[in-house]
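1. could you look at this predicted model? Sequence included:
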Amino acid sequence: MVEKILFIEGSSEDINGNLREGFHKLLVQLLEGNMPRIKMGDDGRRTIQAFKNNIISRYGFLLIDLDAPGSEKDQKISENKLEDYKAEVFFMIQEMESWFISQPAILDDYYGEKISQKIKTNNAESISEPDNFLVELTKNSKRGRYHKVKHGVELLKKLDAKALANTSAEFSALIKRLKKPG
């Protein structure tokens, strides 16, 4: 069996929660039997370096925040000198938090209140800085302000991967690519 490795931007520390575990729980919904090894790379720059320097497997893939609208994917690829890896590079548009906003019922469930009523768009990927948007939405919640790792891990586990693949073309493309043999 060919080992695939998915390098993901996000904290590798597990003091506030294990993002790797959260991503595993999300991906296994659609990749049972095709799961890649997940390596968290901390910030975007370090994740890209780890991906480029990968000697563990010929089948490495990269998942990072775009921090911009989807129309800027090619620019981000160019800025990070990833042109030779374009087929293996995938983005969270704009950030991972867009995924949570795209499924507002999980926010209501996790925070125990109607966070979804404060979201005025159906296109979560159009929200600039969705992490800050979630901080603002949750500032008065019982669980406190959104925390990228502590809350992010639990929200990743609640996401419906099939629904996410239907709303995020980039996530769908990642899943299709990871399902391909070798």
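-> Structure received.
2. the longest helix in this protein is where?
-> The residue-count maximum for a helix in the chain (DSSP state H) belongs to helix 19-31.
3. in its sheet, what does the very next helix or strand once past it sit against?
-> Where DSSP states H and E defines the elements, the next helix or strand beyond helix 19-31 is strand 37-40. The strands beside strand 37-40 in its sheet (DSSP bridges) come out as strand 4-8 (parallel).
4. return the strand it pairs with as PDB; C-alpha atoms alone will do.
-> Extracted in PDB, the C-alpha atoms of strand 4-8 (Å, rounded to 0.1, in the frame of the first residue of the first chain):
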ATOM      1  CA  LYS A   4       0.200   9.300   1.400                       C
ATOM      2  CA  ILE A   5       1.100  12.200   3.600                       C
ATOM      3  CA  LEU A   6      -1.100  15.300   4.100                       C
ATOM      4  CA  PHE A   7       0.800  18.300   5.400                       C
ATOM      5  CA  ILE A   8      -1.800  20.600   7.100                       C
END
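5. begin at 14, not 1, for the rest of this chat.
-> Will do, 14 is the new start, and the previous item becomes strand 17-21.
6. ok, residues contacting that strand?
-> Here strand 17-21 makes contact (C-beta atoms under 8 Å, 6 or more residues apart in numbering) with 32-33, 36, 40, 47, 49-54, 60, 63-64, 67, 69-70, 72-77, 191. In this view, the C-beta of every residue, glycine as well, is placed from N, C-alpha and C.
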